[in-house]
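# compute the structure for the input listed below.
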Amino acid sequence: MVALSVLLDVFVPVLPSGVLVITAATAAAAGSGAATGDVPDIFALILSAATASVLGDLVAYRLAWRGGERLDRAIARSRRLTAAQERLGEALSRGGGALVVLARFAPAGRSVVSFCAGAAHRRARDFVPWSALAGLSWAAYSVALGYYGARWLGATWLATGVSVAALFGAGAAAGFLMRRRPA
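You can find the predicted model right below:
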């Protein structure tokens, strides 16, 4: 369920998948694996969320790649999407895919980056490694928030709430940094 939510989140971010990842990590921390110090559930959750994130990015990238004129017109109608596409293209061509990683934490950033990279026909070898790093870092961060929140505050709604607030705080910071970066 977590993997499917993360995979589809790039298309329909109804409920941010990070909330589900944090909740699953909180539940895993409350399970017997966390009490004995053996945390295979946590590593499986990180791997599942990261893999689904990269697969979702790749599907969006390929769909945008094949999107044709209709997608180009949709992007051209939005100054923000056009600017994001140009900035992403410059960052990827310079080898600075840190923007891809940063965007994974920003609200809707993952969607914009994946679709814009595909629509701009950026090379997959310039995009995929950064997408993989973004997915892994986001998954590890989200799982760590849920796991350590539960370990420190107990497996309660308070722990989940504090962890989700920290995730949204990271997203707000990422969004702020993305807007501040010079084009």
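
# going forward, measure contacts and count neighbours with C-alpha atoms only.
Noted.

# which helix or which strand is home to Ala50?
helix 40-65 (DSSP states H and E).

# in that helix, which residues are buried?
41-42, 45-65 (16 or more other Cα atoms under 10 Å).

# low-confidence ranges in this structure?
The model of the chain has pLDDT under 70 over residues 13-15, 32-40, 68, 71, 84-85, 87-96, 175, 178-183.

# measure how the helix or strand following the helix holding Ala50 sits relative to helix 40-65, angle-wise.
Downstream of helix 40-65, the next assigned helix or strand under DSSP H and E is helix 68-76. Counting by axes from the mean of the first three to the mean of the last three Cα atoms, to 10 degrees, helix 68-76 points 110 degrees away from the direction of helix 40-65.

# touching helix 68-76 from outside, list them.
Ala64, Leu81, Thr82, Ala119 (Cα atoms under 8 Å, 6 or more residues apart in numbering).

# on that earlier part again, quick one: distance of the helix holding Ala50 to the chain centre.
9 Å (Cα atoms, centre = their mean, to the nearest Å).

# helix, strand, or coil at Val10?
Judged by DSSP: H, G, I helix; E, B strand; the rest coil, the three-state class of Val10 is coil.

# and it, what is it in contact with?
When the contact criterion is Cα under 8 Å, 6+ apart, the partners of Val10 are Gly56, Asp57, Ala60, Ala108, Arg110, Ser111.
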